[in-house]
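*Asks:* Quick one, structure for this:
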Amino acid sequence: MNQAFQLAACAEMLWRDKPMEWRVKRLTELGFQVGLWNWPDHDLVMLEKSGATFSIMNGYLRGRLTDDEGAAELLRTARETAQVGKRLGVARLNLHGTGLGEGGLPVTPCEAITGSMWLKARDTLARIADMADEEGVTFTLENLNLPVDHPGVPFGRAEDTLALVSAVNHPRLRLNLDLYHAQIGEGNLIELCRSCLPWIGEVQVADVPGRMEPGTGEINYAGVARALFAMGYRGPVGMEAFASGDPEAALQAFKSAFTL
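*Replies:* Numbers count the residues shown, from 1 in each chain. The predicted structure follows:
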């Protein structure tokens with residue numbers, strides 16, 4: 001058996017009754033890298049001293065891709081976040097089409113995307129990539145599902161995030177390909193991985209329905225893992241999922257699905 005991928009898990013979604021310091025330590029003891037959400041929610045000194053390897057965290061605080069005001073705020077808070085990312089050694093800083101508020105709903109909902117919004121989004125991401133080059137960090141753009149969790153988010157579909165990232169085509173801007181969201185919104189996951197492969201920075205997983213660990217729903221993650229390996233992918237795979245029961249059992253199910 002071969003652990004072909006770098007495995008990580010989102011600390012916010014596991015052991016939710018435990019302090020963050022305990023969760024980060026336990027994930028590290030179990031051999032997982034650590035994914036985080038918003039850095040202002042956490043004690044940075046504790047994280048810095050934890051000895052954890054951080055795979056990904058939210059790469060901005062506010063802003064959006066599609067207009068001048070939103071782009072300026074996105075650039076400003078992304079640069080601020082880049083400093084924190086460097087301090088903690090975070091491998092990837094994550095972006096969305098617009099800021100997310102309570103319950104994952106967009107701060108600025110968008111029902112229709114115009115051609116000028118596409119062009120502005122591409123321009124904003126190109127500026128992010130240039131800034132990332134200056135700072136020596138990498139950003140990812142994540143796809144989100146619209147029907148269940150994130151209605152009104154612009155550029156939510158993986159088809160959209162792929163179009164934007166491939167148009168910018170910069171090594172400091174990659175895809176965070178979330179297969180939970182893609183299954184709800186698009187499906188055809190293995191072919192989606194194949195289309196996205198040249199631009200993938202990280203693959204994230206949870207099963208559908210329920211957003212819990214692999215094996216609790218309809219996605220054949222062992223098959224996805226074999227296909228990713230056959231394509232030549234050896235990068236990070238992060239479990240961004242709740243545990244259906246014991247978190248350590250959930251992590252073991254995830255690890256088993258992605259061990260070839």
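
*Asks:* distance between the ends of stretch 142-149?
*Replies:* 14 Å (C-alpha to C-alpha, to the nearest Å).

*Asks:* If we go by neighbour counts, what in that stretch is buried?
*Replies:* Glu142, Asn143, Leu144, Asn145, Leu146, Asp149 (16 or more other C-beta atoms under 10 Å). Any C-beta I mention is one placed from the backbone N, CA and C, and that applies to glycine too.

*Asks:* Max pairwise distance over these: which two?
*Replies:* Farthest apart among those by C-beta to C-beta are Glu142 and Leu146. That separation is 13.2 Å.

*Asks:* Now do the helix or strand containing Ala126: distance to the chain's middle.
*Replies:* For Ala126, the host element (DSSP states H and E) is helix 115-135. Distance of helix 115-135 from its chain centroid, counting by C-alpha atoms, centre = their mean, to the nearest Å, is 18 Å.

*Asks:* Can you name the element that comes right after it?
*Replies:* Immediately after helix 115-135, counting by DSSP H and E, sits strand 139-142.

*Asks:* In the sheet, which strands lie alongside that following strand, parallel or antiparallel?
*Replies:* Sheet pairing of strand 139-142 (DSSP bridges) gives strand 92-95 (parallel), strand 173-178 (parallel).

*Asks:* The stretch 151-260 of the chain: helices as residue ranges?
*Replies:* For the stretch 151-260 of the chain, the helices defined by DSSP state H, counting those that start in this stretch cover 158-168, 179-185, 189-196, 221-231, 247-257.

*Asks:* Mind listing residues that contact stretch 249-258?
*Replies:* Residues from elsewhere that reach stretch 249-258 (C-beta atoms under 8 Å, 6 or more residues apart in numbering): 3-5, 7, 9, 14, 27, 30, 32, 205, 212-216, 221-222, 225, 237, 239, 241-244.

*Asks:* And the buried ones among the residues you listed, selectable in PyMOL?
*Replies:* To isolate the buried ones among these in PyMOL, judged by 16+ other C-beta under 10 Å, type:
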select buried, resi 4+5+7+9+14+27+32+205+212+213+214+215+216+221+225+237+239+241+242+243+244
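
*Asks:* Which of the contacts of stretch 249-258 fall in strands?
*Replies:* Within the contacts of stretch 249-258, residues falling in strands by DSSP state E are Leu7, Ala9, Val205, Val237, Met239.

*Asks:* returning to that earlier point: what's the most buried one of the helices of the stretch 151-260 of the chain?
*Replies:* Highest mean neighbour count among the helices of the stretch 151-260 of the chain (mean count of other C-beta atoms under 10 Å): helix 179-185, with a mean of 24.

*Asks:* Rounded mean pLDDT for that helix, please.
*Replies:* The pLDDT scores in helix 179-185 average 96.

*Asks:* Tell me the gap between that helix and the middle of its chain.
*Replies:* That offset, for helix 179-185, works out to 13 Å (C-alpha atoms, centre = their mean).

*Asks:* Are there helices or strands packed against it, and which ones?
*Replies:* Secondary-structure packing of helix 179-185 (3 or more C-beta pairs under 8 Å, 6 or more residues apart in numbering; DSSP states H and E): helix 158-168, helix 189-196, strand 200-205.

*Asks:* report the angle between the axes of the shortest one and helix 247-257?
*Replies:* Angle, strand 200-205 to helix 247-257, by axes from the mean of the first three to the mean of the last three C-alpha atoms, to 10 degrees: 120 degrees.
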